[in-house]
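In: fold the following and give me the result.
(one chain, ligands or ions: 1)
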Amino acid sequence: MRLRNIPRAEGVLEACKEVVKNPAGQKSRWHELFQNQNPVHIEIGMGKGQFLLTLAERNPDINYIGIERYSSVLLRAVEKFQLLSESPKGAPSNIRFLCMDARELPEVFAPGEIEKIYLNFSDPWPKARHARRRLTSREFLSLYAKVLPPGGTVEFKTDNRPLFDFSEEEVRESPFFTLDGLTYDLHRDAGMNQGNIMTEYEEKFSAAGNAICKLIARKSPSGSEG
Ligand SMILES: C[S@@+](CC[C@H](N)C(=O)[O-])C[C@H]1O[C@@H](n2cnc3c(N)ncnc32)[C@H](O)[C@@H]1O
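Out: Sure, this is the predicted structure:
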């Protein structure tokens, strides 16, 4: 996506009460913010928000937090949310938005505070020297292990086969996670595709004929918290 941080975005995000302005101040208190004890699921790199908004509408008993590091991109998701609010059906009340880098996860969430992490069509960072920046690298997996409880999961989708192969390898070598599911062609895999919600990138790439890969990594009961 070309847009980065732009002044108009800052104003809209500031005014939106679903955008949490001081996420670190909510650490250990996310249930208070949602005013219920429902599980919290997050999407990192939520982009324009179609995936998480649909999930939130379908699952009112789960709390969702969309994380995006660029305000210009988060703006698109928030505008989608605001359009829904003005529609007769209204917007889901179980969703919040954070403008932050995933590297800050342990400052924002206490150990075990998140039950599921979604990563969809994450940036591939194709150069080997940038491998640590990939959201499925061992560096990020160890951050995820800090905020998930034992049994918590990371679900990752992409059409980028080199990134997917790298991610599978990182999970297999991880001391914190075990591979719990994998497909190289999600849309033809009845089991893994059940309840699948397409992201904006998924719609674009599958329309172009690309197979979508998906893996599920589960935090081991014995795995330490990174
Ligand atoms: C290729 S887009 C995919 C958007 C969306 N998930 C989809 O599937 O349509 C990846 C998004 O992840 C965001 N992103 C990348 N690294 C991030 C990080 N470390 N923390 C938060 N967001 C990140 C990017 O800004 C971008 O919006």
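
In: so who does the nearest residue to L182 once chain neighbours are set aside touch?
Out: Spatial nearest neighbour of L182, excluding adjacent residues (Cβ to Cβ, 6 or more residues apart in numbering): L215 at 4.6 Å. C-beta here means a position set from N, CA and C on the backbone, and glycine is covered the same way. Each residue near L215 by Cβ atoms under 8 Å, 6 or more residues apart in numbering is listed here: E155, F156, F164, S167, E168, V171, L179, G181, L182, T183.

In: now with 7 Å, please.
Out: Taking Cβ atoms under 7 Å, 6 or more residues apart in numbering, we find L215 in contact with F156, S167, E168, V171, L179, G181, L182.

In: quick check, pLDDT for the residue in the chain sticking out farthest from the centre.
Out: In the chain, the residue that sits farthest from the middle, by Cα atoms, centre = their mean, is P88; the gap is 27.6 Å. Looking at P88, its pLDDT reads 95.

In: so it lies in a helix, does it not?
Out: No. If the criterion is DSSP: H, G, I helix; E, B strand; the rest coil, then P88 is coil and not within a helix.

In: the ligand versus that one, what's the distance?
Out: Separation of P88 from the ligand (Cβ to the nearest ligand atom, to the nearest Å): 26 Å.

In: cool, A207 as well?
Out: A207 sits 13 Å away from the ligand, going by Cβ to the nearest ligand atom.

In: ok, S87 next?
Out: When distance is defined by Cβ to the nearest ligand atom, S87 is 22 Å away from the ligand.
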